[in-house]
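**Student:** this is the structure alone, sequence omitted:
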C-alpha cells in the first residue's frame, strides 16, 4: 500500500518531474542535431528513460507539468558552441544533488531506487559511449592554447615596455602569433604522424593552429582599439585569464576533472612569463635606448 505523500514531498517531486520532462526534450533535440547515428541512438535512449521518470513522478503527483523551454534552448545553444559532450555532461552535473532527495523519498516512492540507478549508472555509461571528433583531438587544442597563452602574453608584455606603441605592438604580435601558429601546427602534424595513434595528422595540426590563432586574435584586440599600451596590456592579460578559465571549465566538464588546480597552474605560468618578459622589455629599452 502506498504511503500518503506529504505536501512538501509532492512539491519537490513536481520540481523533479519538470526537470525530467525538460531533459527528455533536451535529449530529443540534441539527438536530432547530431550527425552521428551512434550519438543519436545514445541520446534517444536517455530521452526515453527521462520520459519514464517523468511518468513515474506523475503517477504520484497526479499532475502534468510543462518543460522549461529556456533550458531546452540553452542546452541546444551550448551544444552548438561547445559540443554535444559538454552540453550533456554539464546537464548531468546539475543532477548530482537529486540523489540525496531520491534516497529520502524511497519510503514513499519505492521506484526511486530505479531512478537513482538510471541517473547515476546507466546514463553515465551511455554518455561515455558518445564519440565526438573534437574530444579526440583535445590534446592538440590544449597544445595550441597553452603555447599561445604563454608565448604571446610574454611577447606582448615585452613589446609593451620595449616599444610603447599599441599599433606597432599589435602588428608585431600578429606577425609573431601567426608565424608561431604555423610552426606549432607543422610540429603537431609531424608529431602526430610519427606517433601513429590513430589520429589524423592534418586534423591534429588544424586544431592546434586554430586554437593558437584564436588566442592570438583575442589577445591583440586591445592593442588594435586602444592607444594606452598599459591598459591594452592589462586587458590582454584579463582576456588570457578568461580564456584559461573557460577552457579549463570545459575540460573539467567533459573530462570529469577538477577545475581549480589546473586553472591556477595555467594562470600562474602565463602571468609569470608575462611579468618576466615585461622586465626584459624594460631592460632592453634602457640598455639599447629604444624610443619608438
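**Tutor:** Received the coordinates, thanks. All figures in this text were calculated on a predicted structure; none of them were measured in a lab.
**Student:** so where do the helices sit in the stretch 151-292 of the chain?
**Tutor:** 166-195, 201-225, 229-254, 259-288 (DSSP state H, counting those that start in this stretch).
**Student:** and the shortest one, what other elements does it pack with?
**Tutor:** Read it as helix 201-225. If you count contacts as 3 or more C-beta pairs under 8 Å, 6 or more residues apart in numbering; DSSP states H and E, helix 201-225 packs onto helix 138-163, helix 166-195, helix 229-254. All C-beta atoms are positioned from the backbone trio N, CA, C, and that covers glycine.
**Student:** and the helices of the stretch 151-292 of the chain: which comes nearest residue 101?
**Tutor:** Between residue 101 and the helices of the stretch 151-292 of the chain, the shortest gap by C-beta to C-beta is with helix 229-254, which sits at 22.7 Å.
**Student:** nearest residue to residue 50 in space, please, no chain neighbours.
**Tutor:** residue 24 (4.0 Å; C-beta to C-beta, 6 or more residues apart in numbering).
**Student:** show me what the helix or strand where that neighbour lies is packed up against.
**Tutor:** Using DSSP states H and E, residue 24 maps to helix 7-33. Judged by 3+ C-beta pairs under 8 Å, 6+ apart, the packing partners of helix 7-33 are helix 37-61, helix 69-82, helix 84-93, helix 98-104.
**Student:** give me the most central residue, the protein.
**Tutor:** Most central in the chain under C-alpha atoms, centre = their mean is residue 250, positioned 2.0 Å from the mean C-alpha point.
**Student:** need the contact list for that one.
**Tutor:** Going by C-beta atoms under 8 Å, 6 or more residues apart in numbering, residue 250 touches 82, 86.
**Student:** next, give phi and psi for residue 106.
**Tutor:** Note on residue 106: backbone dihedrals following degrees, to the nearest 10 are phi -60, psi -30.
**Student:** report pLDDT for the closest residue to it other than its chain neighbours.
**Tutor:** Once flanking residues are discounted, residue 106 sits nearest to residue 112: 4.9 Å by C-beta to C-beta, 6+ apart. Listed pLDDT for residue 112 reads 73.
**Student:** for residue 112, the count of nearby residues, please.
**Tutor:** 24 (other C-beta atoms under 10 Å).
**Student:** can you offset everything so residue one is 502?
**Tutor:** OK, 502 is where the count begins now, so the last one is residue 613.
**Student:** follow-up on the earlier one: which of the helices and strands packed on helix 508-534 has the lowest mean pLDDT?
**Tutor:** Of all the helices and strands packed on helix 508-534, helix 599-605 has the smallest average pLDDT, which comes to a mean of 70.
**Student:** and the next helix or strand after that helix, what does it pack onto?
**Tutor:** With elements assigned by DSSP H and E, the helix or strand that comes after helix 599-605 is helix 613-618. With contacts defined as 3+ C-beta pairs under 8 Å, 6+ apart, helix 613-618 has these neighbours: helix 599-605.
**Student:** secondary structure class of residue 506, three-state.
**Tutor:** What DSSP: H, G, I helix; E, B strand; the rest coil gives for residue 506 is coil.
**Student:** quick check on it: phi, psi?
**Tutor:** phi -80, psi 130.
**Student:** not counting its neighbours along the chain, what's nearest it?
**Tutor:** Nearest one to residue 506, counting by C-beta to C-beta, 6+ apart, is residue 609 at 5.3 Å.
**Student:** look up how far residue 618 lies from the one you found.
**Tutor:** 18 Å (C-beta to C-beta, to the nearest Å).
**Student:** neighbour count: the two, which is higher?
**Tutor:** A direct count of neighbours by other C-beta under 10 Å for residue 609 and residue 618 places residue 609 higher, at 16 against 12.
**Student:** give the contact list for residue 709.
**Tutor:** 641, 642, 644, 645, 685, 686, 689.
**Student:** surely the fifth one touches residue 644?
**Tutor:** Yes: between residue 685 and residue 644 there is a contact at 6.9 Å, judged by C-beta atoms under 8 Å.
**Student:** that older thread, for the residue nearest to residue 551, what are its contacts?
**Tutor:** So residue 525 contacts 548, 551, 552, 555, 568 (C-beta under 8 Å, 6+ apart).
**Student:** one more pass at 7 Å, please.
**Tutor:** 548, 551, 552, 555 (C-beta atoms under 7 Å, 6 or more residues apart in numbering).
**Student:** now the terminal residues of stretch 606-616, how far apart.
**Tutor:** 11 Å (C-alpha to C-alpha, to the nearest Å).
**Student:** gap between that stretch and the chain center?
**Tutor:** 34 Å (C-alpha atoms, centre = their mean, to the nearest Å).
**Student:** and it, what's buried?
**Tutor:** Going by neighbour count (16 or more other C-beta atoms under 10 Å), the buried part of stretch 606-616 is 606, 609, 610, 612, 613, 615, 616.
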